[in-house]
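Trainee: Based on what follows, work out the 3D shape:
(one chain, ligands or ions: 3)
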Amino acid sequence: MIDVRNLSVTLGAASAVRKASLSIQAGDRLGVVGESGCGKSMLALSLMGMVPDALDVSGEITLKGTAMPPRDESLWRPHRARTMSMIFQEPMAALNPLRRIGDTVMEPMRVHLGLSRKEAENRALALFAETGIRDPETRLRQYPHQLSGGQRQRVLIALALACDPELLIADEPTTALDANVSLRITDLLVRLSQQRNMALLLISHDLGAVARATKDILVMYGGDIVERGPTAAVLANPLHPYTQGLLGARPRIEQAAGARRHLPTIAGSVPGLFDLPKGCRFSGRCPVEMPRCAQVVPENLLTPQGFAACHRIKGAHDDG
Ligand SMILES: Nc1ncnc2c1ncn2[C@@H]1O[C@H](COP(=O)(O)OP(=O)(O)OP(=O)(O)O)[C@@H](O)[C@H]1O
Ligand code: SF4
Ligand SMILES: [Mg+2]
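Mentor: Ligands and ions are numbered 1, 2, ... in the order given. Reported below is the predicted structural model:
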């Protein structure tokens, strides 16, 4: 349903996302992982046509067969909320503290679907039930501060589902929640995706959640997609040195599924946008770096389980 080719998001000479290509089909569940600042949110915003004005966007995005120039608001607007919607990284920012929850959730239904107040209310109640919000009638009339973190997150999910999107993008949907609640929210997202045949793009620092919830995984580093493949295969047998580093501190993926685990630390930190090496962006931190790595951008290579971009992997192919 959405196809992205060579998408770059740049700020002058620096790129927050560099030549990313991916496609998402109905019912896919795709996880995106990578350290802070790797471009995960920027990639997600690109899929919504919502990259901040300060940055430039280039590349091709095709949505259900239509080419979508990144800045053509008249093309994007009708799709937001309806074709795809996003749960943003800052949960409190998405809910106006001075507005009743019901009014917030009903607004997109009235604006995009043209529902009457009564129809929107019925739909909100049905969505609250579907997303496991307790006592829906009361919730409609409450304000955000009257809800627990978990219930608030369910409201945000209900809000994102207001117009039956075909793709739901969830950017760190469980960061602010404790482990148990986080697990239940993750499972809810999977169930909704399956029941509605809705694609799910799950951005998360929680590898356990990604292992549990997604079929495929995208690993990002410094604005590059460095590895992609089926989640179980990539986590069990990571090929890119960065993915290996991310998983390094984890003994077994079976233990990660179900348990909440944050990404282990790799020595050093992600350089700022303007300090990224011009070749492989992991050079400088990579334990198996070669002299050409900092200068030459590695190509995307097919691997037995997906693809990865690393000169070492090419070397392995060359050798045999
Ligand atoms: N509005 C903005 N203007 C300029 N640069 C930005 C803006 N927002 C983000 N960036 C930069 O773009 C890069 C990618 O940021 P992004 O928010 O996509 O990272 P992320 O992977 O989502 O990180 P996190 O895990 O912390 O959410 C970073 O270097 C960040 O500093
Ligand atoms: S291209 Fe070089 S620096 Fe980059 S991950 Fe591979 S070996 Fe490491
Ligand atoms: Mg982010």
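Trainee: The residue in the stretch 101-250 of the chain that ligand 2 sits nearest to - nearest residue in space that isn't next to it in sequence?
Mentor: Proximity of the stretch 101-250 of the chain to ligand 2 (C-beta to the nearest ligand atom) peaks at Pro241, 4.1 Å away. C-beta: built from backbone N, CA, C; applies to glycine. Using C-beta to C-beta, 6 or more residues apart in numbering and skipping the chain neighbours, the partner closest in space to Pro241 is Cys286 (5.1 Å).
Trainee: Would you report the backbone torsion angles of that neighbour?
Mentor: Main-chain torsions, Cys286, degrees, to the nearest 10: phi -80, psi 130.
Trainee: hang on, isn't the residue of the stretch 101-250 of the chain closest to ligand 2 packed against Phe282?
Mentor: Yes. Assessed by C-beta atoms under 8 Å, Pro241 is found in contact with Phe282 at 6.4 Å.
Trainee: more crowded one of these two?
Mentor: Comparing Pro241 with Phe282 by other C-beta atoms under 10 Å, the one with more neighbours is Phe282, at 28 against 24.
Trainee: Check which helix or strand that one maps to.
Mentor: Under DSSP states H and E, no helix or strand contains Phe282.
Trainee: got a list of what the residue nearest to it when sequence neighbours are not counted touches?
Mentor: Excluding its sequence neighbours, the residue lying closest to Phe282 (C-beta to C-beta, 6+ apart) is Tyr242, at 4.9 Å. Neighbouring residues of Tyr242 by C-beta atoms under 8 Å, 6 or more residues apart in numbering: 219, 221, 226-227, 266, 282, 286.
Trainee: could you pick out which of those residues are near ligand 1?
Mentor: With C-beta under 6 Å from any ligand atom as the criterion, these include none near ligand 1.
Trainee: follow-up on the earlier one: from what I see, the residue nearest to Pro241 and Cys280 are in contact.
Mentor: Yes. Using C-beta under 8 Å, Cys286 is in contact with Cys280, at 7.2 Å.
Trainee: neighbours around Cys293, how many?
Mentor: For Cys293, using other C-beta under 10 Å, the count is 22.
Trainee: For the closest residue to it other than its chain neighbours, list the residues it contacts.
Mentor: Nearest-residue entry for Cys293: Ser283, 4.1 Å, with adjacent residues in sequence omitted and distances by C-beta to C-beta, 6+ apart. Ser283 sits next to 277, 289, 293-294 when contact means C-beta under 8 Å, 6+ apart.
Trainee: Can you check the pLDDT for Ser283?
Mentor: pLDDT, Ser283: 95.
Trainee: and if you look at Thr175?
Mentor: Value listed for Thr175 in the pLDDT field: 83.
Trainee: Which of the three states applies to it?
Mentor: coil (DSSP: H, G, I helix; E, B strand; the rest coil).
Trainee: what's the closest non-adjacent residue to it?
Mentor: His205 (7.0 Å).
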